[in-house]
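Participant: Generate a structure from the sequence data that follows.
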Amino acid sequence: MNTNTLKILLKKEVLLMKRNPIIPRLIIGMPILVMLIIPLVATLDVKNVEVVVVDNDRTELSRRMVADMDASEYLSVIGCYLSYDEAFRQVEEGKADAIVTIPKDYQKDLTNGKKPELDLKANGVNATKGTIGAQYATMSVANTVARWQAEQGVSIFARESAIMNLYNPTLNFRHYMIPALMVMLLIIICGFLPALSLVSEKETGTIEAMNVTPVGRLEFVLSKLIPYWAVGILVVTVGMIIGWLVYGLVPEGNILNIYLATILFSLVISGLGVFIANQSSTILQSIFMAFAFIVIFQLMSGLFTPIASMPRWAQYITYAIPPRYFIEIMRSVYMKGATVADLWMQYAALSGFAVLFCLMAAMTYRKRV
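Facilitator: As a prediction, this is how the structure comes out:
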């Protein structure tokens, strides 16, 4: 490999990137917009669950239960009814997510040492909100009853085991989502843009001038990849800064572990991008091919859907999805403070994919003279 030739080609690529009216803005603007907007809108945090109550007891305790549910930041009592049919009508009309039915003589049974049960029904149309909302209502009622029993001197039933959420105590979905969003930024910027750059040269005919030169395949492919490796580091840096300044999220582990994973994943995804470009004759072809990979990576990498919840056969397929390993590294370093030694299998897998895709990119480039 001729290093002088590589330097000249790199200079050409940097100049082309600067002169392009879209790429510089995309490299800077896209990470900022994605990190500022998506964590706010793409969330599984469940709040403001709308609850209707059927109060068949109509005692001081039942009124306290309703008031405590309405005071919760997660629940909102939109109505208290005397019949179940009236409450169920609110669910049918899509106005309520859960129904809490307080049985008759609920306070009296508690006073006599019995343990009456509430009837909770969730709206299955929005299964996540309805189910979690019913759990919130159950916890709110349990806390209210425990305080009332303590005030009345009534024997308190044994409470259920306490749950402690490790690594993300508040179950803030942004802490789970932000590290993974950097993966999608790298896929688009470090994989999609090199493919478009190379195919655009095919369409304009400038690559024909390159084909008649003694430039080797390795120098040419590296000149296409190296600028985007640097861009990948820039994108992750911008993402970490925004995560810290806007959301207060900082990595628990060493930042160098994140940069090492970023370099390896940039090698993987940029190599894939050049491979796609080598198989495409037009920009439209490369867009469709790249889009197919992006969809598969989103659905199968664990970005939105946990891999553990997938069917067993699908879990085996995810081992062939490179973003899976980068997402695991990012989340583990951010939330657990994991080290390279803890994640050596993920780093090894990314290294293997990097070698494979870069070799594929170099071998599939054909000089046509």
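Participant: Mind jotting down where the strands sit in the stretch 51-200 of the chain?
Facilitator: 75-81, 98-102, 119-122 (DSSP state E, counting those that start in this stretch).
Participant: which of those is buried the deepest?
Facilitator: Comparing the strands of the stretch 51-200 of the chain by mean neighbour count (mean count of other CB atoms under 10 Å), strand 98-102 comes out on top with a mean of 23. The C-beta positions use only the backbone N, C-alpha and C, and glycine is treated the same way.
Participant: Export the strands of the stretch 51-200 of the chain to CSV and append columns for distance to residue 191 and mean pLDDT.
Facilitator: Shown next, in CSV, are the strands of the stretch 51-200 of the chain (distance: least, CB to CB, whole Å; pLDDT from 0 to 100):
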stretch, distance to residue 191, mean pLDDT
strand 75-81, 43, 87
strand 98-102, 43, 87
strand 119-122, 41, 82
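Participant: could I get those strands as JSON lines with distance to residue 193?
Facilitator: Converted to JSON lines, the strands of the stretch 51-200 of the chain look like this (distance: least, CB to CB, whole Å):
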{"stretch": "strand 75-81", "distance to residue 193": "45"}
{"stretch": "strand 98-102", "distance to residue 193": "47"}
{"stretch": "strand 119-122", "distance to residue 193": "45"}
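Participant: Give me the distance between residue 190 and residue 290.
Facilitator: Distance of residue 190 to residue 290, given as CB to CB, to the nearest Å: 12 Å.
Participant: more crowded one of the two?
Facilitator: Of the pair residue 190 and residue 290, residue 190 is the one with more neighbours under other CB atoms under 10 Å, namely 29 against 22.
Participant: check contacts around the more buried one.
Facilitator: 228-229, 231-232, 235, 266, 269-270, 273 (CB atoms under 8 Å, 6 or more residues apart in numbering).
Participant: Just give me the least confident of those.
Facilitator: Within the set of the contacts of residue 190, pLDDT is lowest for residue 228 (80).
Participant: Tell me, how many residues neighbour that residue?
Facilitator: By other CB under 10 Å, 27 other residues sit near residue 228.
Participant: okay, now the residue nearest to residue 141 when sequence neighbours are not counted: neighbour count?
Facilitator: Closest residue to residue 141 apart from its sequence neighbours, by CB to CB, 6 or more residues apart in numbering: residue 65 at 5.4 Å. Residue 65 has 28 neighbours, counted by other CB under 10 Å.
Participant: Report the backbone C-alpha coordinates of stretch 312-327 in PDB.
Facilitator: In PDB, the C-alpha atoms belonging to stretch 312-327 read as follows (Å, rounded to 0.1, in the frame of the first residue of the first chain):
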ATOM      1  CA  ARG A 312     -35.600 -18.700  20.300                       C
ATOM      2  CA  TRP A 313     -34.900 -19.100  16.600                       C
ATOM      3  CA  ALA A 314     -34.800 -15.300  16.200                       C
ATOM      4  CA  GLN A 315     -32.400 -15.000  19.100                       C
ATOM      5  CA  TYR A 316     -30.000 -17.200  17.300                       C
ATOM      6  CA  ILE A 317     -30.200 -15.000  14.200                       C
ATOM      7  CA  THR A 318     -29.200 -11.900  16.300                       C
ATOM      8  CA  TYR A 319     -25.700 -13.300  16.700                       C
ATOM      9  CA  ALA A 320     -25.200 -12.400  13.100                       C
ATOM     10  CA  ILE A 321     -26.400  -8.800  13.600                       C
ATOM     11  CA  PRO A 322     -23.300  -6.600  14.300                       C
ATOM     12  CA  PRO A 323     -25.300  -3.700  16.000                       C
ATOM     13  CA  ARG A 324     -26.400  -6.200  18.700                       C
ATOM     14  CA  TYR A 325     -22.900  -6.300  20.100                       C
ATOM     15  CA  PHE A 326     -22.400  -2.500  20.000                       C
ATOM     16  CA  ILE A 327     -25.700  -1.900  21.700                       C
END
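Participant: That one: which residues count as buried?
Facilitator: 318, 321-327 (16 or more other CB atoms under 10 Å).
Participant: Give me the contacts around it.
Facilitator: Here stretch 312-327 makes contact (CB under 8 Å, 6+ apart) with 179-180, 183, 186-187, 261, 264-265, 268-269, 296-297, 300-303, 307-308, 310, 346-347, 349-350, 353.
Participant: for the longest helix seen in the chain, packing partners?
Facilitator: The longest helix of the chain (DSSP state H) is helix 217-247. Judged by 3 or more CB pairs under 8 Å, 6 or more residues apart in numbering; DSSP states H and E, helix 217-247 is in contact with helix 3-19, helix 23-41, helix 173-186, helix 193-204, helix 255-278, helix 344-364.
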